[in-house]
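A.B. asks: Quick check, what structure comes out for this input:
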Amino acid sequence: MKLHQMSLGITLSATLGLLAQTAVSDELSAATFLPPQHHTNTGMFTWFAEEIDKRSGGSLTMKLYPAGQLGAGPVQQYKRAVEGVGDITFGVSAYTPALFPKTMLAILPGSSENADQSTRAIWNIFEDHLASEYEDVKVLAVGTVTGNLLAATRDVSTMDGLKGAKIVPFAAMTSPIVKALGAVPVQMPVTEMYTGLSTGTIDATTASYNNITPPWNFWDVSTYIVENVPTTFAVTYAVMNKERYTGLSDEHRAIIDELAGLPMSLELAKSFDGADERSKKMIAEATEKNYQWVVVSDEERAKMDAAVAAGLDEIFADYEVRGIRDARTIYDALNQ
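C.D. replies: Prediction:
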């Protein structure tokens with residue numbers, strides 16, 4: 001009888017302990033340098049917060065800290081996740097390229113034409129080629145922003161027009177491509193590009209459709225918007241402090257695992273592609289703006305593509321010098 005009571009007590013105690021563990025409420029902090037209304041916040045992060053709340057029955061939630069509330073500027077975002085300044089951080093790989101040399105290959109012009117395509121290409125090869133660059137965090141999302149326009153104060157729709165133009169690429173690593181096009185690469189964060197265009201510090205910048213309209217408003221300081229240029233990408237990420245992740249309950253970790261990777265990355269891509277679609281509609285409806293919309297001719301685009309190929313050769317040669325001998329293999333896999 002005593003053994004039965006003891007066994008019952010142990011079983012009850014274990015059951016209550018398990019219930020207590022799964023019932024613990026936990027709030028994750030998410031830090032981003034972007035303003036509250038940015039589409040990654042209203043899109044991907046809103047989706048993530050709603051999903052973890054719903055799947056956990058309210059025991060796992062997320063609080064967003066936008067506009068650099070947990071640390072100003074985009075450069076230290078990955079470090080902030082590693083050090084636990086925020087449980088989750090959102091950042092841009094190009095701000096710390098030394099940490100992500102292989103991921104950066106997804107920036108280069110290739111077969112993808114939008115964020116969804118490029119993001120799927122990343123996840124097709126992620127485990128085989130890129131995962132090792134993120135070993136000190138829990139990866140939630142890696143996705144891209146499409147740069148398929150040039151916002152300019154001079155006509156850069158031809159190879160002749162590109163000669164000597166000061167252009168901001170999406171990442172410094174694409175400087176050989178800019179040079180092969182005959183232009184001069186200038187490094188500048190997106191927060192300074194509006195002023196750069198208005199003051200003449202730069203002649204053009206790589207841009208998405210969303211950059212043209214609010215909140216960036218490049219259309220107010222550009223005299224030309226140039227379409228059908230070689231498409232480049234910015235790679236972005238959402239990562240989680242590893243200790244914070246492993247310290248969650250089994251139930252909460254399982255919820256994170258269900259959402260992390262391709263599902264959350266596609267929500268990130270949707271945030272950017274969706275913003276571009278909204279901006280396209282705004283551009284079509286805006287009749288009072290004073291810029292010219294120019295589409296690069298097929299003949300000029302062929303010349304640009306040949307220059308891009310020469311620039312890519314130089315980029316791959318640089319990877320070889322740095323001891324990364326599979327760069328072209330990874331690039332080819334991204335563009336199958």
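A.B. asks: so where is the chain shaky, pLDDT-wise?
C.D. replies: For the chain, applying pLDDT under 70 flags the ranges 1-23.
A.B. asks: Walking through it, point out its strands one by one.
C.D. replies: Along the chain, the segments classed as strands by DSSP state E run 26-31, 60-65, 88-92, 137-152, 166-168, 184-185, 204-207, 224-241, 292-295.
A.B. asks: mind putting the ones you listed in a markdown table, mean neighbour count and distance to residue 276 included?
C.D. replies: Where you see a C-beta, it was placed from the backbone N, CA and C, and this is true even at glycine. Below are the strands of the chain laid out as a markdown table (neighbours: other Cβ atoms under 10 Å; distance: least, Cβ to Cβ, whole Å):
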| stretch | mean neighbour count | distance to residue 276 |
| --- | --- | --- |
| strand 26-31 | 18 | 23 |
| strand 60-65 | 18 | 22 |
| strand 88-92 | 27 | 17 |
| strand 137-152 | 25 | 7 |
| strand 166-168 | 22 | 19 |
| strand 184-185 | 16 | 24 |
| strand 204-207 | 28 | 10 |
| strand 224-241 | 23 | 12 |
| strand 292-295 | 14 | 15 |
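A.B. asks: Indicate which one of these is closest to residue 101.
C.D. replies: Of all the strands of the chain, strand 224-241 sits nearest to residue 101, with 11.6 Å by Cβ to Cβ.
A.B. asks: for the closest one, the distance to its chain's centre please.
C.D. replies: Mean-position distance between strand 224-241 and its chain equals 7 Å (Cα atoms, centre = their mean, to the nearest Å).
A.B. asks: Strand 137-152 and that one, what's the angle between them?
C.D. replies: Angle between the axes of strand 224-241 and strand 137-152 is 170 degrees (criterion: axes from the mean of the first three to the mean of the last three Cα atoms, to 10 degrees).
A.B. asks: and strand 224-241, which strands flank it?
C.D. replies: In the sheet containing strand 224-241, its partner strands are strand 88-92 (antiparallel), strand 137-152 (antiparallel), strand 292-295 (parallel), by DSSP bridges.
A.B. asks: Skipping adjacent residues, who's closest to the residue nearest in space to the middle of the chain in space?
C.D. replies: Centroid check for the chain by Cα atoms, centre = their mean gives residue 236 as the closest residue, at 1.9 Å. What sits nearest to residue 236 in space, not counting adjacent residues and going by Cβ to Cβ, 6 or more residues apart in numbering, is residue 92, at 5.3 Å.
A.B. asks: Touching, residue 40 and residue 270? I think so.
C.D. replies: No. Contact criterion Cβ atoms under 8 Å: residue 40 and residue 270 do not qualify, at 10.3 Å.
A.B. asks: Give me the more crowded residue out of these two.
C.D. replies: Neighbours were counted for residue 40 and for residue 270 using other Cβ atoms under 10 Å; residue 40 has more, 22 against 19.
A.B. asks: OK, contacts around the more buried one?
C.D. replies: 32, 34, 90, 236, 268, 271, 272 (Cβ atoms under 8 Å, 6 or more residues apart in numbering).
A.B. asks: Which of those sits closest to residue 302?
C.D. replies: Distance to residue 302 across the contacts of residue 40 (Cβ to Cβ) is lowest for residue 272, with 27.9 Å.
A.B. asks: my guess is that closest one meets residue 39, correct?
C.D. replies: Yes. Under the criterion of Cβ under 8 Å, residue 272 makes contact with residue 39 at 6.8 Å.
A.B. asks: Those two: which is more packed in?
C.D. replies: Using other Cβ under 10 Å, the more surrounded residue of residue 272 and residue 39 is residue 272, with 28 against 21.
A.B. asks: What segments of this structure are helices?
C.D. replies: Here the chain has its helices, by DSSP state H, at 2-23, 39-40, 46-56, 77-83, 115-125, 159-162, 175-180, 190-199, 209-212, 242-246, 250-259, 262-285, 298-321, 327-334.
A.B. asks: can you tell which of those is closest to residue 139?
C.D. replies: Closest approach to residue 139 among those (Cβ to Cβ): helix 262-285, 9.0 Å.
A.B. asks: what does the closest one contact?
C.D. replies: With contact meaning Cβ under 8 Å, 6+ apart, helix 262-285 is reached by 39-40, 42-44, 47-48, 114-116, 118-120, 122-123, 140-146, 208-210, 212-214, 219, 236, 238, 293.
A.B. asks: Distance from it to the middle of the chain?
C.D. replies: For helix 262-285, the separation from the chain centroid amounts to 13 Å (computed by Cα atoms, centre = their mean).
A.B. asks: With stretch 177-186 instead?
C.D. replies: Put simply, stretch 177-186 sits 23 Å off its chain's centre (Cα atoms, centre = their mean).
A.B. asks: In stretch 256-263, which residues have enough neighbours to count as buried?
C.D. replies: Judged by neighbour count using 16 or more other Cβ atoms under 10 Å, the buried positions of stretch 256-263 are 256, 259, 260, 261, 262, 263.
A.B. asks: Just flag the most distant two among those residues.
C.D. replies: Spatially, the most separated pair among the buried residues of stretch 256-263 is 256 and 262, at 14.0 Å (Cβ to Cβ).
A.B. asks: show me the contacts for the spatially closest residue to residue 206 that is not a sequence neighbour.
C.D. replies: In space, residue 206 comes closest to residue 147 once its chain neighbours are excluded; the distance is 4.2 Å by Cβ to Cβ, 6+ apart. Going by Cβ under 8 Å, 6+ apart, residue 147 touches 170, 206, 207, 208, 231, 232, 233, 234.
A.B. asks: Much appreciated, bye for now.
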